[in-house]
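In: I would like to see how this sequence folds:
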Amino acid sequence: MSVIVKDLTKVYDDRAVVNNVSFEARSGEILGFLGPNGAGKTTTMKMICCYTQPTSGQIIVDGFDTSIDPLSARKHIGYLPEHNPLYEEMYVKEFLQFIASIHRIDNKAKRIAEVIGMTGLEKEQNKIIGTLSKGYRQRVGLAQAIIHDAKVLILDEPTSGLDMNQLVDIRQLIKNLGKDKTVIFSSHIMQEVQALCDRVVIVNDGQLVADESIDVLSVRMSGSQQVFVRFEEGKTDIEPYKKLNGVTSITFDQGLYIFSTQEGRDVRADIFHTAVQHNQVIIELRQEKANIEEIFRKLTKAEKYV
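Out: Okay, the predicted model is just below:
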């Protein structure tokens, strides 16, 4: 129950919009698939879903090679595209009945009721889709993507147009779905990626520039890290801390001591033990690493990640 992408390339008019990209999305994880506009994200997703044929490379969805058996691969995929195509003249429940019929779902009424409940469409199920707000149309799109209980979910900007209350509900739904499915999730909202994703794949100009967990990537991209310490009595004797392994400098600003450390070195435990040894009370201790937004900007600007 995974998605394996090997050496994937798509060429349009002698330009490689996806260039030799390889990654794997595993069962039980939510993979953030990120990149700036025009980076090749949507094209890659369409190739995984068998809507666009690759120029070269291989895609395996739950054991099915999409170039050999695309129909079997499609049966295992639930897809919500960025521009959510819906039959706006249909009623919500009528539309979901139509989609359920396409997938030949047994006991359609029960499954439709489950999906309506999961996506929060109870009050809108008897309304015409074209009369719904953008946020509720997005919920209908998500409902059609999950109605056949696909093992692999490809969600391109699934929270687009949702208000804050709707965001909380849909994020929790995606998190629950990710427990036993393979979810590839694309979003321009970096805080959402940080909250939802176990791992991120970042593409830029059609090429893969990162494929790691957010925590590992944060450490790698941070360079020298900073630890912020506030002592109970404000200024204190910092001489013992200068000798700690990995501490490169200590500065004082607005009641906080700022410890600069070597890349990958976590000195928080050493700081704590030193404070105990010298009868000093720490009331704040935090380490700052690069967040996903900073990582994204670094990797998709001029400088490349190696």
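
In: Other residues contacting stretch 184-201?
Out: The contact list for stretch 184-201, computed with CB atoms under 8 Å, 6 or more residues apart in numbering, reads 3, 23, 25, 29-34, 41-42, 45, 48, 82, 152-159, 167, 171, 174-175, 178, 208, 210-214, 217, 291-293, 296. C-beta: built from backbone N, CA, C; applies to glycine.

In: Of those, just the buried ones, ChimeraX syntax please.
Out: A single ChimeraX command suffices to select whichever of those are buried according to 16 or more other CB atoms under 10 Å:
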select :3,23,25,29,30,31,32,33,34,41,42,45,48,152,153,154,155,156,157,158,159,171,174,178,208,210,211,212,214,217,291,292,296
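
In: List the ones among the contacts of stretch 184-201 that fall in helices.
Out: Using DSSP state H, the subset of the contacts of stretch 184-201 located in helices is 41-42, 45, 48, 167, 171, 174-175, 214, 217, 292-293, 296.

In: how about the residue nearest the centre of the chain, what does it touch?
Out: With distances taken as CA atoms, centre = their mean, the residue of the chain nearest its centroid is Gly32 (2.6 Å). By CB under 8 Å, 6+ apart, Gly32 lies in contact with Phe185, Ser186, Ser187, Val193, Leu196, Cys197, Arg199, Val200, Val201, Ile214, Ile292.

In: Likewise for Arg286?
Out: Residues near Arg286 by CB under 8 Å, 6+ apart: Val227, Phe228.

In: Tell me how far it lies from Arg268.
Out: 8 Å (CB to CB, to the nearest Å).

In: With Arg199 instead?
Out: Remark: distance between Arg199 and Arg268 (CB to CB) = 25 Å.

In: So the two - more neighbours on which side?
Out: Arg199 (20 against 15; other CB atoms under 10 Å).

In: gap between that one and Leu31?
Out: In this view, Arg199 and Leu31 are 6 Å apart by CB to CB.

In: Over to Ile184?
Out: 5 Å.

In: shared neighbours of the two, anything?
Out: Jointly contacting Ile184 and Leu31 under the rule CB under 8 Å, 6+ apart are Ala25.

In: Below-threshold pLDDT in the chain: ranges please.
Out: Applying pLDDT under 70 to the chain picks out residues 1, 219-224, 234, 263-264, 289-290, 302-306.

In: mind listing the strands in the chain by residue range?
Out: Using DSSP state E, the strands of the chain run over residues 3-12, 15-25, 30-34, 56-61, 64-65, 77-80, 152-156, 182-186, 199-204, 207-213, 225-231, 247-253, 256-261, 282-288.

In: Mind putting these into TSV with distance to Ala145?
Out: Formatted as TSV, the strands of the chain follow (distance: least, CB to CB, whole Å):
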stretch	distance to Ala145
strand 3-12	15
strand 15-25	16
strand 30-34	15
strand 56-61	15
strand 64-65	19
strand 77-80	4
strand 152-156	6
strand 182-186	11
strand 199-204	20
strand 207-213	24
strand 225-231	39
strand 247-253	49
strand 256-261	44
strand 282-288	37
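
In: Name the stretch among those strands that sits most buried.
Out: Stretch with highest mean neighbour count among these: strand 182-186 (a mean of 26; mean count of other CB atoms under 10 Å).

In: how about the CA coordinates for it, as CSV?
Out: What follows is strand 182-186, C-alpha atoms only, in CSV (Å, rounded to 0.1, in the frame of the first residue of the first chain):
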residue,chain,number,x,y,z
THR,A,182,-0.9,6.4,2.0
VAL,A,183,-1.6,10.2,1.7
ILE,A,184,0.2,12.5,-0.6
PHE,A,185,-0.7,16.0,0.4
SER,A,186,0.1,19.3,-1.3
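
In: Okay, now the sheet partners of that strand, with direction.
Out: strand 30-34 (parallel), strand 152-156 (parallel) (DSSP bridges).

In: so which of those gets nearest Ile112?
Out: Among these, the nearest to Ile112 by CB to CB is strand 152-156 (18.1 Å).
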